[in-house]
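Colleague: sequence? don't have it. structure:
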């Protein structure tokens, strides 16, 4: 399975944005090493936004280009369609539901078979979750202290498009997220411009 392997904090400092979600990721950020600390061309700004969005979701270049192609065919605005598709990935929703402390951990949980979708094991992190799908932690995995504590301590992290069930270690995608509800700092129009030139 291909995945981004470079140090997370170093990546955050280079992109000038906390894409890992870790509170200490930007601790040493003000040393001028960020790409946005330098003067960038229009192309450079578009490329930076694309790299930031890829890093947010931990998606490789080839897979990201596939998401863009699908988004371009949607009837909705391309930027929103792209972010909606990425937001509804299984590994991302496992993270949003608080079953894991990061997307990287969520991906590992999915690959190792700890996650069920509608009571069936799904081990593909990029699996597209549909409205009404129930994502849950496997019964056997609920005895794992790390998984249980992470989920129970994430009671404040709630999103209007997700319904969380504390008792059953699960959550449901009740509707697709609106653009303003997705907690990422990205100018998606720059990404659309980047791909429209290719």
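Modeller: Great, that's in hand. Just so it is clear, the model here is predicted, and its values are computed rather than measured.

Colleague: what residues does the host helix or strand of residue 147 touch?
Modeller: Element membership of residue 147, judged by DSSP states H and E, is helix 145-153. Identification of contacts with helix 145-153 by Cβ atoms under 8 Å, 6 or more residues apart in numbering yields 97-101, 109, 114, 137, 141-142, 166, 169. Where C-beta positions appear, they are placed from N, C-alpha and C, glycine not excepted.

Colleague: hmm, try it at 10 Å
Modeller: Residues from elsewhere that reach helix 145-153, judged by Cβ atoms under 10 Å, 6 or more residues apart in numbering: 97-102, 105, 109, 114, 137-138, 141-142, 144, 164, 166, 169-171.

Colleague: Show me which of those are buried.
Modeller: 97-101, 105, 109, 114, 137-138, 141, 164, 169-171 (16 or more other Cβ atoms under 10 Å).

Colleague: which ones among the residues you listed are found in helices?
Modeller: Secondary structure from DSSP state H places 105, 109 of the buried ones among the contacts of helix 145-153 in helices.

Colleague: And the buried ones among the contacts of helix 145-153, which is closest to residue 51?
Modeller: Residue 51 has its nearest neighbour among the buried ones among the contacts of helix 145-153 in residue 105, at 21.8 Å by Cβ to Cβ.

Colleague: what's the nearest residue to the closest one if we skip its chain neighbours?
Modeller: What sits nearest to residue 105 in space, not counting adjacent residues and going by Cβ to Cβ, 6 or more residues apart in numbering, is residue 95, at 7.6 Å.

Colleague: Which of the three states applies to that neighbour?
Modeller: helix (DSSP: H, G, I helix; E, B strand; the rest coil).

Colleague: Surely it is in contact with residue 103?
Modeller: Yes: counting by Cβ atoms under 10 Å, residue 95 does reach residue 103; the two are 4.9 Å apart.

Colleague: Just give me the neighbour total for residue 127.
Modeller: Using other Cβ atoms under 10 Å, the number of residues around residue 127 comes to 18.
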